[in-house]
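Novice: Just the structure for this:
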Amino acid sequence: MRLDDSPLLAGIELGGTKAIVTLARDRHIIDQARWPTTTPAQTLAEMGDHLLAWHRRDPVAAIGIASFGPLHLDPQDPAFGHIGRTPKPGWTHADVRGHFAALLPGLPVGIDTDVAGAALAEGRWGAAQDCAVHIYITIGTGVGIGVVVDSKPVHGRIHPEAGHLRIRRVAGDAFAGVCPFHGDCIEGLVSGPALAARAGGDPAVLPADHPLWDNVAADIGEMLAILILTLSPQRIVIGGGVGLGQQGLLARARARCADSLAGYLVDHAASDMETLIVPAALGNDAGPLGAILIAQQALGDAR
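Specialist: Now for the predicted structure:
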């Protein structure tokens, strides 16, 4: 199929700090706009107005939404497409899917988590290609985890929320955590706000050998070991400002993961971690392209 024959798709990536609307054919991005994520009314209106202007110029075939969560993803749920109890002020119960469905009635509208979208994109075009079971983890404003099995994001009663797992803490680390629901869950320990609280300021100014990074690497490594033991992924892809932004953190986390596994699993020694746990290949495009793939799936389901 020629690129011009591919359907024109709109992707909505709604993150905790930024919101991006993307126009694309297949993986080729044609246009894009972004805003800070503020209130639901303002953010959804800005994105919707931009999308509507694109659609009037050149009609889109479907919309895909990749949003922070937790999300209601069961189509039989009266709250389908709404955000659940989120730490993001003002967004609990926001009807994200409904806003865009009402904007362009009759158009297929798909929705999933932002991390599930990024996982799909990394599986199709990025670091998890040819993997039947793979995980995408973003470590940034929060800690989100998307799990894909046979090219489909895992859903159950809701969707994986492994960013709120409780882990074994480093001996002597008494930091209480910042998660308003769980305190010292993994998100409460290693997200951007958690690092700022632990550092007493901007963690980016801390040197690479600061003890804080040892604790953070240990916490991330413990989470990785739990995911390996429970889901047996062929690839774990790490993204996000913390996950990719701190030099040497990923290498330390791999080593601590291997330590946690303690030689129990074949092919999971420290030397195997570099190919099992990898940085995102699509960079900042993983989220927007994930939203495009969600639109593609919605269009296929409608047909």
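Novice: Please settle this for me: is residue 213 part of a strand?
Specialist: No: Residue 213 is assigned helix when assessed by DSSP: H, G, I helix; E, B strand; the rest coil, not a strand.
Novice: Tally up the residues packed near the closest residue to it other than its chain neighbours, please.
Specialist: Sequence neighbours aside, residue 249 is the residue nearest to residue 213 in space, at 6.2 Å (criterion: CB to CB, 6 or more residues apart in numbering). No exception for glycine: its C-beta is placed from N, CA and C like everyone else's. Using other CB atoms under 10 Å, residue 249 has 20 neighbouring residues.
Novice: Kindly provide the distance from residue 249 to residue 262.
Specialist: Plainly put, residue 249 is 22 Å away from residue 262 if you go by CB to CB, to the nearest Å.
Novice: still on that earlier bit, wait, the residue nearest to residue 213 sits on residue 220?
Specialist: Yes: at 7.4 Å, residue 249 counts as touching residue 220 under the criterion of CB atoms under 8 Å.
Novice: Remind me what the helix or strand bottoming out on mean pLDDT in the chain packs against, helices and strands.
Specialist: Using mean pLDDT, DSSP states H and E, helix 241-245 stands out as the lowest-scoring helix or strand of the chain, at a mean of 83. Helices and strands touching helix 241-245, as assessed by 3 or more CB pairs under 8 Å, 6 or more residues apart in numbering; DSSP states H and E, comprise strand 133-139, helix 192-199, helix 249-261.
Novice: buried stuff in the second one?
Specialist: Using 16 or more other CB atoms under 10 Å as the burial criterion, the residues of helix 192-199 that qualify are 192, 193, 194, 195, 197, 198.
Novice: repeat for stretch 282-299
Specialist: So, applying 16+ other CB under 10 Å, buried residues of stretch 282-299: 282, 285-299.
Novice: Keep only those of those that are in helices.
Specialist: Mapping the buried residues of stretch 282-299 onto helices (DSSP state H) picks out 286-299.
Novice: Would you map the helices across the stretch 1-150 of the chain?
Specialist: Using DSSP state H, counting those that start in this stretch, the helices of the stretch 1-150 of the chain run over residues 40-57, 96-103, 114-125.
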